[in-house]
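*Asks:* Coordinates only, no sequence provided:
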């Protein structure tokens, strides 16, 4: 591709993204794609000769765009958001332009040092003066924490598990499946992962944790790690981190805190309580790509004692040695992957272009949306709020599981909004998560009107 | 950030990237940064109020740019390349603009189906009609292969390792450290990883593998996986994959082939021999982000029997269930991470904008650079070629390890080129890897002139 062609096409894409962000997508937020429908429109064989970028872009608009789920549409209220933003896109673009591999300090000093500074800034914003690094996702961050905990008890990296007493892990029954998966991958076995019962607010019961740990110790097992969640995926429940930290201390367990979504809210003074007890834990992660307007992927992992993490993950063959190794951090020693993108750039753009007060204002607005929406649900006959939202997510039910499911399906089928679901106390529950970069109160009001209309039509079918 | 501001700044960055790609960076390819020098220029606290994007960009140019290692500079010959390209940047930009999370088919049907088609295209280009998915890095792809191999022998995910007979793994003594790290993470223990001796071309000796496996079986261990390398990192040696496949078959081991770099070359008819024996293996990975002009990160993982991979990695909590689960692929079941970027877009742009013949032409040119450079080294008194390059990397030595190291350091200190090193047969060896998107023969000739001059000055110091 000639350089002028790159520039010409690049400008076209910038204009298109600007339009996409400012005007939104005109079609459905959740596409009505049938499985295989996209494949059927894509040539079965790769092109032998070069095609113009315009041809690819035309196919992008005709084939891809109508068949993507629009995660950055203001009408997206499903799951948790995966937010982009203007500054995030710009930072990511520069990162693509440089294309550095930030595996070692020497392979890009500025990438490593900007990453250190960004973690430092985020730590100040959260009141957590720890070191850390940027991971791709909370899946990877959690796996790192589990591996650090595992290696703290025994040198599994070298010896394997074979002669070990079982290591046990603990988390709430409402914790995310990525925590289970990390235990799987580390070879510790789900059989030794205790899903601790939650209270009626879906938060872990610390006494149940203490009993489970005591039982395991009595059985001759070795408690390795407890994982707290601040803001569970199903209902944004907040585990009692401080109490869990005490128990972790009593039994000398690693304590990881997963605040993948909720960490962003902790930059608000009025939400700082989310961090209670975290400084007594061992590791903490949250995802600026969820609710801090930083393009996916960007998960910030903080550790109280980085040496424990590096002990688990550091390996240096000859061809990766550099002259500065003893004087610097090589972030490849802080994670699973050797190769690492320059993710700090997009975070730098986001924090500076929004400013901390700008980020706070947006997140505060999202919290207000959740409160407002919960109020409407509470007032509507036939709908039941599962819990009052303390964060960005409203969980509610209709009169029956069937009706809850049907209501969600009807909203999603309209193409005018996208919601997702969970199961709480054996009931099918609809989730509405606020936090999309481009959502305004007008979008939230529209969602409510749509939902109310569809619900009322269900309850009182038109003749 | 207002939308007009985004557009304005976006255009500025496109122009800057165009200039960076077409004119190259005027400063040193390897910066002379002292540890801490970047940190010292970055404010210690995050800004409270929003700053204009132009201020961030100015700092990018003044603070970041002089202190990054320019991986996409035509003078970069270190490690293996991490290639960007115009089409790769454009595809990545669209992916940032959409910001979808391709974890499940339903969370973005087009992302999943385009990914299936891209793997299909790559498979045709390589003669490997397997299914697969895009991973971030070969680190993750290798870990997935190890976990699939592990779960094939026992349900470690559920039971842990505790009651198991040790599982053994095999790879060449020249294999990449990410293979070792995958064995660590999976809890199998480096003690049970056999580094099989290589022949004088640094390729695994299959008879030594057979003996090691037989010894382990006799000792009551369970051979789980053998990992072949096509194009080792130190010297691009090629293990005898077909013979290794036979041994893997005899002992019912999983056989993973790591062709992270060399896979790209296998799209050339004259280099297709690199794939000999691969169709008899179980999994194969190569990185389009290394040598196929697709922005980092993009690693293609192929598996002969995807069910084995999914058995190891699939977990579906209620909140991730979708209506289409039984009819589609959810790629979160094919990897470690739940969240996944829309990486297929950049690969689509690259394959279509270059065309297969365009990709072949570029890779062929890089191979020709390596041959030419090796010829020059061979003719130069005092320099010794370690092996004739069959791929893109030239390994050579000066008269002594000290002189080899000094020569590399002198080249790197000039700022006019960046080389890296390894150790082979206990000798310090300089590596020169060709494959950078923007390198031309003129750059290679300049590199040779520089290297020859510095070497001659060392051998015969000026009075």
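*Replies:* Now that the structure is in, tell me what you want to look at. Treat the numbers as computed from the prediction; the structure is a model and nothing was measured.
*Asks:* how about residue A:423, phi and psi?
*Replies:* phi -120, psi 130 (degrees, to the nearest 10).
*Asks:* residues contacting it?
*Replies:* A:234, A:429, B:318-319 (CB atoms under 8 Å, 6 or more residues apart in numbering or on different chains). Any C-beta I mention is one placed from the backbone N, CA and C, and that applies to glycine too.
*Asks:* In TSV: the residues you listed, plus neighbour count.
*Replies:* As requested, the contacts of residue A:423 are exported to TSV (neighbours: other CB atoms under 10 Å in any protein chain shown):
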residue	neighbour count
A:234	22
A:429	24
B:318	14
B:319	21
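*Asks:* Need the three-state assignment for the residue lying closest to residue A:190 once chain neighbours are set aside.
*Replies:* Closest residue to residue A:190 apart from its sequence neighbours, by CB to CB, 6 or more residues apart in numbering or on different chains: residue B:158 at 5.0 Å. With DSSP: H, G, I helix; E, B strand; the rest coil as the basis, the three-state label of residue B:158 is helix.
*Asks:* related to what we said a few turns ago, among the contacts of residue A:423, name the ones in helices.
*Replies:* In helices, judged by DSSP state H, none of these are found.
*Asks:* which residues of the stretch 51-200 of chain A fall in strands?
*Replies:* A:131-135, A:167-172, A:193-196 (DSSP state E, counting those that start in this stretch).
*Asks:* Same check on the stretch 301-450 of chain A?
*Replies:* Counting by DSSP E, counting those that start in this stretch, the strands of the stretch 301-450 of chain A are A:384-385, A:393-397, A:420-424, A:427-433.
*Asks:* Return the most buried member of those strands.
*Replies:* Scoring the strands of the stretch 301-450 of chain A by mean neighbour count under mean count of other CB atoms under 10 Å in any protein chain shown gives strand A:393-397 as the most buried, with a mean of 25.
*Asks:* What average pLDDT does it get?
*Replies:* For strand A:393-397, mean pLDDT rounds to 97.
*Asks:* Partner strands of that strand and their direction?
*Replies:* strand A:384-385 (antiparallel), strand A:427-433 (antiparallel) (DSSP bridges).
*Asks:* now for stretch A:74-86, what's the gap between its first and last residues?
*Replies:* Length of stretch A:74-86, first residue to last, CA to CA, to the nearest Å: 14 Å.
*Asks:* Tell me which stretches of the stretch 151-300 of chain A form helices.
*Replies:* A:156-159, A:177-185, A:206-218, A:241-250, A:288-291 (DSSP state H, counting those that start in this stretch).
*Asks:* Make JSON lines from these and add mean pLDDT and mean neighbour count to it.
*Replies:* Below are the helices of the stretch 151-300 of chain A laid out as JSON lines (pLDDT from 0 to 100; neighbours: other CB atoms under 10 Å in any protein chain shown):
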{"stretch": "helix A:156-159", "mean pLDDT": "96", "mean neighbour count": "20"}
{"stretch": "helix A:177-185", "mean pLDDT": "95", "mean neighbour count": "25"}
{"stretch": "helix A:206-218", "mean pLDDT": "98", "mean neighbour count": "17"}
{"stretch": "helix A:241-250", "mean pLDDT": "98", "mean neighbour count": "20"}
{"stretch": "helix A:288-291", "mean pLDDT": "98", "mean neighbour count": "30"}
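*Asks:* Any chance of these in TSV with distance to residue B:116 as columns?
*Replies:* As requested, the helices of the stretch 151-300 of chain A are exported to TSV (distance: least, CB to CB, whole Å):
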stretch	distance to residue B:116
helix A:156-159	35
helix A:177-185	23
helix A:206-218	43
helix A:241-250	41
helix A:288-291	24
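*Asks:* my guess is residue A:191 contacts residue B:157, does it?
*Replies:* No: with contact defined as CB atoms under 8 Å, residue A:191 does not count as touching residue B:157 (9.5 Å).
*Asks:* re earlier: pipe the contacts of residue A:423 into a markdown table and attach pLDDT and distance to residue A:149 per row.
*Replies:* Converted to a markdown table, those look like this (pLDDT from 0 to 100; distance: CB to CB, whole Å):
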| residue | pLDDT | distance to residue A:149 |
| --- | --- | --- |
| A:234 | 91 | 25 |
| A:429 | 97 | 32 |
| B:318 | 83 | 27 |
| B:319 | 81 | 25 |
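*Asks:* Looking at those, spot the one nearest residue A:364.
*Replies:* residue A:234 (23.5 Å; CB to CB).
*Asks:* Hmm, residue A:30 is touching residue A:67, no?
*Replies:* No: using CB under 8 Å, residue A:30 is not in contact with residue A:67; the gap is 10.6 Å.
*Asks:* what residue ranges in the stretch 301-450 of chain A score low on pLDDT?
*Replies:* In the predicted model, the stretch 301-450 of chain A carries no residue with pLDDT under 70.
*Asks:* How about the residues of it by chain B?
*Replies:* A:313, A:315-320, A:324, A:327-328, A:336-339, A:341-342, A:345, A:348-349, A:351-358, A:420-423, A:431 (CB under 8 Å from any CB of the partner chain).
*Asks:* From those, list just the buried residues.
*Replies:* A:313, A:317, A:319-320, A:324, A:328, A:336-339, A:341-342, A:345, A:348-349, A:351-356, A:358, A:420-422, A:431 (16 or more other CB atoms under 10 Å in any protein chain shown).
*Asks:* So what touches stretch A:300-314?
*Replies:* The contact list for stretch A:300-314, computed with CB under 8 Å, 6+ apart, reads A:119, A:122-123, A:128, A:130-135, A:141, A:144-145, A:147-148, A:150-152, A:157, A:254, A:263, A:279, A:281-288, A:333-336, B:181.
*Asks:* And stretch A:325-336, by the same measure?
*Replies:* A:102-106, A:109, A:112, A:115-116, A:132-133, A:135, A:140, A:143-144, A:301, A:306, A:309-310, A:313-316, A:320, A:322, A:338, A:340, B:35, B:139-140, B:143, B:181, B:185, B:336.
*Asks:* Which entries within these meet the buried criterion?
*Replies:* Here the buried ones among these, as counted with 16+ other CB under 10 Å, turn out to be A:102-106, A:109, A:112, A:115-116, A:132-133, A:135, A:140, A:143-144, A:301, A:306, A:309-310, A:313, A:320, A:322, A:338, A:340, B:35, B:139-140, B:143, B:181, B:185, B:336.
*Asks:* Take the residues you listed and keep only those in helices.
*Replies:* Per DSSP H, these map to helices at A:109, A:112, A:115-116, A:140, A:143-144, A:306, A:309-310, A:313, B:139-140, B:143, B:181, B:185.
*Asks:* I'd guessed residue A:65 sits against residue A:25; true?
*Replies:* Yes: in terms of CB under 8 Å, residue A:65 counts as a neighbour of residue A:25; the distance is 7.4 Å.
*Asks:* residue contacts, residue A:254?
*Replies:* For residue A:254, the contact set (CB under 8 Å, 6+ apart) comprises A:145, A:148-149, A:152, A:224-226, A:248, A:282-283, A:308.
*Asks:* so who does the nearest residue to it once chain neighbours are set aside touch?
*Replies:* Beyond its immediate neighbours in the sequence, the residue positioned closest to residue A:254 (CB to CB, 6+ apart) is residue A:149, lying 3.4 Å away. Counting by CB under 8 Å, 6+ apart, residue A:149 touches A:169, A:224-225, A:253-254, A:256, A:282.
*Asks:* Next, see if stretch A:9-23 gets close to chain B.
*Replies:* Yes: using CB under 8 Å from any CB, stretch A:9-23 reaches chain B at A:9-11, A:13-18, A:20-22.
*Asks:* which other residues reach that stretch?
*Replies:* For stretch A:9-23, using CB under 8 Å, 6+ apart, the contacting residues are A:53-54, A:57, A:72, A:86, A:89, A:438, B:3-4, B:6-7, B:10-11, B:14, B:17-18, B:86, B:89-90, B:93-94, B:96-98.
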